[in-house]
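**Student:** Return atomic coordinates for the entry below.
(one chain, ligands or ions: 1)
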Amino acid sequence: MEDMYREVILDHYKNPRFKGELDPADISYQDDNPLCGDMIRIDLRVDENNRVVECAFSGQGCAISQASASMLMEDIQGKSLEEIKEYSRDDILDMLGIELGPVRLKCAMLSLKVLKVGAYGVQEWIEE
Ligand code: ZN
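**Tutor:** Take a look at the predicted model:
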């Protein structure tokens with residue numbers, strides 16, 4: 001099964017970046033993907049300009065869900081919440097660099113969903 005994943009995904013899965021929790025955090029949210037058993041929590045600290053100064057994720061689940069969270073954390077460093085709002089499904093797929101079927105797509109999108117709902121309370125975009 002894991003042979004199909006790119007090495008970078010396995011690397012993020014085995015050596016996750018920004019794994020942990022921030023306490024206190026300005027934004028904190030978690031959600032799960034019951035189809036696969038993935039759980040992701042994301043904590044953010046933002047400065048007075050709403051830029052991400054610190055971020056961390058925690059949780060467990062499959063390689064795709066955990067690697068996408070790790071990659072996303074790496075990517076949002078220093079970005080503003082306004083910029084994060086523009087992140088789309090394609091951005092996550094670009095980071096992962098693989099084609100995903102509908103089931104795996106839910107795994108891949110969990111971290112972005114948690115991030116966006118946590119930051120904005122928007123959820124509609126992912127329920128297609
Ligand atoms: Zn999963």
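**Student:** State the mean pLDDT of the host helix or strand of Leu10.
**Tutor:** Assigned by DSSP states H and E, Leu10 belongs to helix 7-14. The pLDDT scores in helix 7-14 average 94.
**Student:** can you map out the strands along the protein?
**Tutor:** Using DSSP state E, the strands of the chain run over 27-33, 38-46, 52-60.
**Student:** For the ion, which of the ones you listed is the nearest?
**Tutor:** strand 38-46 (4.1 Å; C-beta to the ion). The way it works is simple: take the backbone N, C-alpha and C, and place the C-beta from them, glycine included.
**Student:** Go through stretch 60-77 and flag the buried ones.
**Tutor:** Buried residues in stretch 60-77, counted by 16 or more other C-beta atoms under 10 Å: 61-73, 75-76.
**Student:** hang on, the earlier thing: packed most tightly, which of the strands of the chain would that be?
**Tutor:** strand 38-46 (a mean of 22; mean count of other C-beta atoms under 10 Å).
**Student:** and it, anywhere near the ion?
**Tutor:** Yes: using C-beta under 5 Å from the ion, strand 38-46 comes into contact with the ion via Asp38.
**Student:** where exactly do the helices run in the chain?
**Tutor:** 7-14, 63-76, 81-85, 89-96, 102-120 (DSSP state H).
**Student:** any idea how far the ion is from the closest residue to Ala63 other than its chain neighbours?
**Tutor:** Using C-beta to C-beta, 6 or more residues apart in numbering and skipping the chain neighbours, the partner closest in space to Ala63 is Tyr13 (4.1 Å). Distance, Tyr13 to the ion, using C-beta to the ion, to the nearest Å: 11 Å.
**Student:** ok, now which ones touch the residue nearest the centre of the chain?
**Tutor:** For the chain, the residue nearest the mean C-alpha position is Ser111 (2.6 Å; C-alpha atoms, centre = their mean). Going by C-beta atoms under 8 Å, 6 or more residues apart in numbering, Ser111 touches 40, 42, 57, 65, 68-69, 72, 92.
**Student:** rerun at 7 Å
**Tutor:** Residues in contact with Ser111 (C-beta atoms under 7 Å, 6 or more residues apart in numbering) are 40, 42, 57, 65, 68-69, 72.
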